[in-house]
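> Build the 3D model from these lines:
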Amino acid sequence: MSINKKLILLLSIVGICTVACTKENVDRREEGQVTIIPLWEEYNGTYHPMKYYFYNVDKTSIFPVVREDITTEGITQTLPVGTYRLVGYNTDASEDLSFDASRNFTVVANFTSYPYSTVPLDLCIVSADNIVVDDRAQITKEIAPIEVKTKTLRLRFQFNGINVVTLRGALDGAFASINLLNGKAIKDAGNVFFQANPSEVVRFRISDLYYSLNGGNESSVDPPLYESMLSLTLEVKENDGTTRTKTGELSLERIIGEIISFYNDIPDDILLYVNVENFNPPLNPERVVIRIDEFEEVLK
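Presented below is the predicted three-dimensional model:
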């Protein structure tokens, strides 16, 4: 082979190597690895299968990276460079829970509040903010799962001088959705509605119950934003046999404030005695008066 041909072959090989190396530099994605280890011994010693969501807070248009862990020992996930928020929950939680991942940077757990569910919630969460992934980094985060608790609210009705046929109502300021980033109630989930036999105790499982700043602790750093209201619609059978619809509403602000003052918190299970009667004198025959004169903690 002549010198010219050897030179051409050598230059070709160098060119191919240069293109390949350049292509590698262009195509290689800057990424790192994150290992999540749930510390079950700090929860209750019980392992659960988990589902994890990694949200890239630098790029709001990017869908979260979702991983499931059926080994219960944790996961290692490769992620593009960026800052991430982690939200995780156990997938073997009670069957009456539904999970909504459509909100920005979090997952919301919704549960049936009425009819009241007797299935234990059994929900735990793993979450973390500001997980910074650098190029070629290997990060390990040990996180203790947190138990998510709900409260039970019971209403026992007494109708004074009113023959109630049907009972419908709504609780505004009581919520049945939970932000799995922090275990707090989602405050924009709307009213909790119910329809019940007038003689039964109406039972709710709620994520929280709020009263307004004026009725609460004004020194609170993060005061509740919603005033809790109880609204009722009654089908009432009159003495002449006719049926009339009557309505009424009551702010729960005072009674919730008294409960918090008495227990220094809202107990996990509370019973309110609700008295309903006609106005006297009958200023408005289409309206009723609602009072709550008594409450008690339900001991389990």
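> And the next helix or strand past the host helix or strand of residue 245?
Residue 245 is part of strand 243-251, with elements assigned from DSSP states H and E. Toward the C-terminus, strand 243-251 is succeeded by helix 253-263 as the next helix or strand (DSSP H and E).
> on that earlier part again, and the strand holding residue 245, what other elements does it pack with?
Counting contacts by 3 or more C-beta pairs under 8 Å, 6 or more residues apart in numbering; DSSP states H and E, the secondary-structure elements packed against strand 243-251 are strand 229-237, strand 288-297. All C-beta spots, glycine's among them, are computed from the backbone N, C-alpha and C.
> residue ranges with poor pLDDT in the stretch 101-250 of the chain?
Residues of the stretch 101-250 of the chain that meet the criterion pLDDT under 70 lie in 188-189, 212-226.
> Show the residue spans covered by the strands in it.
Per DSSP state E, counting those that start in this stretch, the stretch 101-250 of the chain carries strands over the ranges 108-111, 123-133, 138-143, 146-148, 151-160, 164-172, 174-175, 177-179, 184-185, 192-196, 202-206, 208-209, 229-237, 243-251.
> The third one to strand 123-133, inter-axis angle?
Inter-element angle recorded for strand 138-143 and strand 123-133: 150 degrees (by axes from the mean of the first three to the mean of the last three C-alpha atoms, to 10 degrees).
> Now do strand 138-143: which elements does it pack against?
Looks like strand 138-143 contacts strand 31-38, strand 123-133 (3+ C-beta pairs under 8 Å, 6+ apart).
> ok, now the second one?
Other elements packing on strand 123-133 under the criterion 3+ C-beta pairs under 8 Å, 6+ apart are strand 31-38, strand 50-56, strand 82-90, strand 138-143, strand 146-148.
> Now with 10 Å, please.
strand 31-38, strand 50-56, strand 75-80, strand 82-90, strand 108-111, strand 138-143, strand 146-148, strand 177-179 (3 or more C-beta pairs under 10 Å, 6 or more residues apart in numbering; DSSP states H and E).
> Using CSV, lay out those together with mean neighbour count.
Shown next, in CSV, are the helices and strands packed on strand 123-133 (neighbours: other C-beta atoms under 10 Å):
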stretch, mean neighbour count
strand 31-38, 18
strand 50-56, 22
strand 75-80, 15
strand 82-90, 21
strand 108-111, 20
strand 138-143, 13
strand 146-148, 17
strand 177-179, 23
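> Same list, these, but as JSON lines with distance to residue 297 please.
Conversion of the helices and strands packed on strand 123-133 to JSON lines gives the following (distance: least, C-beta to C-beta, whole Å):
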{"stretch": "strand 31-38", "distance to residue 297": "33"}
{"stretch": "strand 50-56", "distance to residue 297": "34"}
{"stretch": "strand 75-80", "distance to residue 297": "41"}
{"stretch": "strand 82-90", "distance to residue 297": "29"}
{"stretch": "strand 108-111", "distance to residue 297": "22"}
{"stretch": "strand 138-143", "distance to residue 297": "33"}
{"stretch": "strand 146-148", "distance to residue 297": "20"}
{"stretch": "strand 177-179", "distance to residue 297": "22"}
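> do you know which of the ones you listed lies nearest residue 162?
strand 108-111 (32.6 Å; C-beta to C-beta).
> That closest one pairs with which strands, parallel or anti?
strand 97-100 (antiparallel), strand 177-179 (antiparallel) (DSSP bridges).
> who's the residue nearest to the spatial centre of the chain bridged to?
With distances taken as C-alpha atoms, centre = their mean, the residue of the chain nearest its centroid is residue 178 (1.0 Å). Residue 178 has these beta-bridge partners by DSSP bridges: residue 109, residue 185.
> Next, the contact list for residue 68, please.
Residue 68 is in contact with 49, 50, 51, 52, 75, 88, 91, counting by C-beta atoms under 10 Å, 6 or more residues apart in numbering.
> quick one: the strand holding residue 245 to strand 164-172, angle?
Interaxial angle, strand 243-251 versus strand 164-172 (the same axes, to 10 degrees): 30 degrees.
> which parts of strand 243-251 are buried?
Within strand 243-251, the residues that count as buried by 16 or more other C-beta atoms under 10 Å are 246, 248, 250, 251.
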